[in-house]
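# With the input below, show me the fold.
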Amino acid sequence: MLAVNVRAATTDDPALAAASYELLAMFTVLFGIPLSMVSLATGIVLGMATPWGVLRYAWVSAKLVLLVGVVLVGSFLLGPGTAAMRSGDGGAEARLIAGSAYDVAALTLATGLSVFKPRRRRRSQGMARH
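So this is what the prediction gives:
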């Protein structure tokens with residue numbers, strides 16, 4: 001999505017830009033929203049069903065926060081920005097690129113956390129300090 005947003009924002013061909021924003025709208029409806037919701041739901045279910053827990057390890061909590069951020073950026077920045085570009089209002093190119101770049105960074109970081117699984121447990125409220 002980042003590459004398509006950059007291409008649409010930098011082209012001098014209005015037909016290519018319009019087709020790019022149509023494609024982005026389709027990607028959002030077919031992939032972005034459903035896959036984000038499935039990822040969030042499976043993350044919570046797996047967290048509850050495995051020793052990792054949902055809030056036991058900071059890296060698991062961080063992944064959920066990153067995914068919620070991706071959902072919010074998609075809902076409040078990318079969706080409306082794409083709609084503005086499709087309707088001809090324009091002016092959302094920088095927001096779309098920034099939002100897509102955030103999504104790439106957040107999902108890359110979440111993937112890294114899944115692979116490397118930092119082992120430090122979160123302190124619980126009842127733990128005594130040493």
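
# what's the longest helix seen in the chain packed up against?
If you go by DSSP state H, the chain has its longest helix at helix 93-116. Applying 3 or more Cβ pairs under 8 Å, 6 or more residues apart in numbering; DSSP states H and E, one finds that helix 93-116 makes contact with helix 2-10, helix 58-73, helix 79-87. Just so you know, the C-beta spots here come from the backbone N, C-alpha and C atoms, and that holds for glycine as well.

# Report the buried residues of stretch 79-88.
Neighbour counts over stretch 79-88 (16 or more other Cβ atoms under 10 Å) mark 79, 81, 82, 84, 85 as buried.

# Which of the residues you listed sits closest to residue 7?
residue 85 (12.7 Å; Cβ to Cβ).

# Quick one: residues contacting the closest one.
Residues counted as contacts of residue 85 (Cβ atoms under 8 Å, 6 or more residues apart in numbering) are 8, 17, 21, 92, 93, 96.

# Tabulate the buried residues of stretch 79-88 in JSON lines, adding columns for distance to residue 34 and pLDDT.
Converted to JSON lines, the buried residues of stretch 79-88 look like this (distance: Cβ to Cβ, whole Å; pLDDT from 0 to 100):
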{"residue": "79", "distance to residue 34": "14", "pLDDT": "92"}
{"residue": "81", "distance to residue 34": "20", "pLDDT": "95"}
{"residue": "82", "distance to residue 34": "16", "pLDDT": "95"}
{"residue": "84", "distance to residue 34": "23", "pLDDT": "95"}
{"residue": "85", "distance to residue 34": "22", "pLDDT": "95"}
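
# Having no further points to raise, I will conclude here.
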